[in-house]
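> here is the input, now give the coordinates:
(one chain, ligands or ions: 3)
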Amino acid sequence: MHTTLTLRKLKQERIPIAMMTAYDAPSAAACAQAEMDLLLVGDSAGMVIHGYTSTVPVTVEDMILHTRAVKRGAPGVFTVTDMPFLSCSGSRNEAVSAVRRTIQDGGADAVKIEGAGEFVPLITALTEGGVAVMSHLGLTPQSFAVLGGYKVQGKSEKSAGRLIEDAKQVEEAGAFALVLECVPGELAAYIASILSIPVIGIGAGSRTDGQVLVYHDALGIGNGHVPSFVKAFAHLEPSIHTGLSEYVKEVKDRSFPDASHTFTMPASILEKVITGAGI
Ligand SMILES: Nc1nc(=O)c2c([nH]1)NC[C@@H]1CN(c3ccc(C(=O)N[C@@H](CCC(=O)O)C(=O)O)cc3)CN21
Ligand SMILES: CC(C)C(=O)C(=O)O
Ligand SMILES: [Mg+2]
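Ligands and ions are numbered 1, 2, ... in the order given. I've put the predicted structure just below:
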């Protein structure tokens, strides 16, 4: 299993880090088999699994349940769990309690926190307390209402400058890695070049220290709107539709189950049961 140190070593050796979201045991096990470096129990689960239209309704309890399933499926893969909407914005005690539950009850190896600013002192405190914290900057989906949509971030001089300063601050605060979402490739490459910690991109071009994608997006399992930065490395949706339609058809025409999927009993016993001889 990776550690914050071996991940940093991958950056130094210019070996790209492969990260994928996982929300359940079988998908986590499949990622482990593919030698995924890192798993992310993303709050995107709210949209991909639970059918919400944003990540805002997701709770710490939801994240704990998903994290437990993921760790059972892939106990040997370093797993980062998202701290959901507002779970780290109240008092320091509330934030630490939410992080503690995610790690102790969920079994997460690290947590991911969206944003810099007010979260910078929290990242410092958590790191000093022994928690590995991954930061998430650029498009931070929990701030959908403030950002006005899932838009590319850091395109103007002002917002690019702020992003660079935020990235330096979270590294200084002790974050062991940074996710940069939906930022111009040139800017992400620059930020990766000035930080010592690994920068994992999503919609941030090819010159970051690693990539992360949502499991269902990467495997072509449809979930409505798919961001334009997504590449589907398999196309499972058509297979799912074909399989489910075939099941319905075979149930309706009674071709399923056939003899090979049916248990039998000795005719002599059946005879006794039906005639009531055994009662
Ligand atoms: N299935 C899925 N994949 C994701 O990557 C993902 C989620 N869900 N849910 C949580 C967030 C939301 N994300 C999103 C959603 C939409 C765009 C999107 O459509 N962006 C536009 C940018 C348009 C612009 O500013 O020019 C795009 O064209 O990609 C980006 C990230 C990323 N996360
Ligand atoms: C898209 C990644 C970075 C994420 O935060 C999530 O899946 O929730
Ligand atoms: Mg997330």
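
> now the protein, which segments are flagged as low pLDDT?
Along the chain, segments meeting pLDDT under 70 span 277-279.

> whatever residue of it ends up closest to ligand 2: what's it in contact with?
Going by C-beta to the nearest ligand atom, ligand 2 is nearest to G42 of the chain, at 2.3 Å. Where C-beta positions appear, they are placed from N, C-alpha and C, glycine not excepted. Counting by C-beta atoms under 8 Å, 6 or more residues apart in numbering, G42 makes contact with 21, 23, 82, 214.

> restricted to buried residues, select these in ChimeraX.
Applied in ChimeraX, the following selects the buried portion of these according to 16 or more other C-beta atoms under 10 Å:
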select :21,23,82,214
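
> list just the nearest of the contacts of G42 to ligand 1.
Nearest to ligand 1 among these, with distances taken as C-beta to the nearest ligand atom, is V214, at 3.8 Å.

> near ligand 1 too, which of the contacts of G42?
V214 (C-beta under 6 Å from any ligand atom).

> of all the contacts of G42, which two lie farthest apart?
The largest separation in the contacts of G42, counting by C-beta to C-beta, is between D82 and V214 at 12.0 Å.

> tell me, what's touching the two both at once?
42, 44.

> what does the stretch 51-200 of the chain put close to ligand 3?
D82 (C-beta under 5 Å from the ion).

> looking at the stretch 51-200 of the chain, which residue is nearest ligand 3?
D82 (4.3 Å; C-beta to the ion).

> now the helices: where do they sit in the stretch 51-200 of the chain?
When secondary structure is read from DSSP state H, counting those that start in this stretch, the stretch 51-200 of the chain shows helices at 60-73, 92-104, 119-128, 144-147, 157-173, 185-194.

> quick one: contacts of the longest one?
What it means is helix 157-173. 116-117, 119-121, 123-124, 127, 135, 137-138, 153-154, 178, 180, 183-184, 187, 190-191, 194-197, 199.

> of the residues you listed, grab the buried ones for ChimeraX.
Per 16+ other C-beta under 10 Å, the buried members of the contacts of helix 157-173 correspond to this ChimeraX selection:
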select :116,119,120,123,124,127,135,137,138,153,154,178,180,183,184,187,190,191,195,197,199
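
> D37: how many residues sit nearby?
By other C-beta atoms under 10 Å, 21 other residues sit near D37.
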